[in-house]
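Colleague: what's the 3D shape of this:
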Amino acid sequence: MNAAPRPLTLLALSGSLRRASFNTALLRAAADLCPAGVRLELRTLHGVPVYDGDLEAEQGTPAPVLDLREAIRAADGLLIATPEYNNSIPGVLKNGLDWVSRPPAEGKKAFFGKPTAVLGATPGGFGTVQSQDALLSVLRTLQVEMWFGGRLMVSRANTLFDAEGRLTDAALQGQLRDFLAGFSAQIRRGDRDE
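Modeller: The predicted structure follows:
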């Protein structure tokens, strides 16, 4: 008789600060579409200051960064939703990842080998292909364990959510459900390989 798989927690990080962010809304929808036994914890980068080495040296790591770093460390997987600004990742997302990666020994504890998946939403017509590609370079440097089993690049996001930010498109709901199932299954396979 097979035992039930252990519960998984995914830390879902939105790369947008907007109250009406399509990426945050996409992650809220993901929380409702996770497979059984998978819980999604949504985080934003609100409260994380602009990285400043002098600030770090004088005052240490800010509390919001420490909190985010610990949440990433504790999670079974990291799910990052990135908008696309000027064909790349938003500065707020890069800034947050830079802070969490400092100092390097602490950053390694948070990121090294962490199962990670990327998705994104934009009102534009080409999805978030360029921002996701740019983010891969950063994540490679952080030495996460990237999941390449699926990519979810949502275009025309302004037509897929209602005024309250609820995902209303059935096709995208199915794609998101499959994406989460694939990522979760990969994490579970990694558990068995250890």
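
Colleague: which residues does the most centrally placed residue in the chain bridge with?
Modeller: Most central in the chain under Cα atoms, centre = their mean is residue 80, positioned 1.5 Å from the mean C-alpha point. Counting by DSSP bridges, residue 80 is bridged to residue 13, residue 118.

Colleague: my read: it touches residue 16, true?
Modeller: No. Residue 80 lies out of contact with residue 16 (Cβ atoms under 8 Å); the separation is 11.1 Å. For every residue, glycine as well, the C-beta is placed using N, CA and C.

Colleague: Touching both of the two, which residues are there?
Modeller: residue 93 (Cβ atoms under 8 Å, 6 or more residues apart in numbering).

Colleague: about what we covered before: pLDDT wise, what is the residue nearest to the centre of the chain at?
Modeller: Here the pLDDT value assigned to residue 80 is 98.

Colleague: Excluding chain neighbours, what is closest to residue 26?
Modeller: residue 121 (4.9 Å; Cβ to Cβ, 6 or more residues apart in numbering).

Colleague: Contact partners for the residue nearest to the centre of the chain?
Modeller: Contact analysis of residue 80 by Cβ under 8 Å, 6+ apart lists 12-13, 15, 93, 116-119, 135.

Colleague: for the residues you listed, which one is nearest residue 64?
Modeller: Among the contacts of residue 80, residue 13 lies closest to residue 64 (Cβ to Cβ), at 12.6 Å.

Colleague: how close does the closest one sit to residue 36?
Modeller: According to Cβ to Cβ, to the nearest Å, residue 13 and residue 36 sit 23 Å apart.

Colleague: For the top helix by length along the chain, which helices and strands make contact with it?
Modeller: Ranked by number of residues, the top helix in the chain under DSSP state H is helix 170-193. Applying 3 or more Cβ pairs under 8 Å, 6 or more residues apart in numbering; DSSP states H and E, we find helix 170-193 packed against strand 8-14, helix 22-33, strand 77-81, strand 115-121, strand 152-154.

Colleague: After the second one, heading C-terminal, what element do we hit next?
Modeller: Next along the chain after helix 22-33, taking DSSP states H and E as the criterion, comes strand 38-43.

Colleague: buried residues in that following strand?
Modeller: 38, 40, 42-43 (16 or more other Cβ atoms under 10 Å).

Colleague: what's in contact with it?
Modeller: Contacts of strand 38-43 (Cβ under 8 Å, 6+ apart): 7-14, 24, 27-28, 30-31, 34, 68, 71, 75, 79, 180, 184.

Colleague: give me that answer again for 10 Å
Modeller: Strand 38-43 is contacted by residues 5, 7-14, 24, 27-34, 64, 67-68, 71-72, 74-79, 81, 96, 180-181, 183-185, 187-188 when judged by Cβ atoms under 10 Å, 6 or more residues apart in numbering.

Colleague: Would you list the buried entries among these?
Modeller: By 16+ other Cβ under 10 Å, the contacts of strand 38-43 give 5, 8, 10-14, 24, 27-30, 33-34, 64, 68, 71-72, 75-79, 81, 96, 180-181, 183-184, 187-188 as buried.

Colleague: Done for today, thanks.
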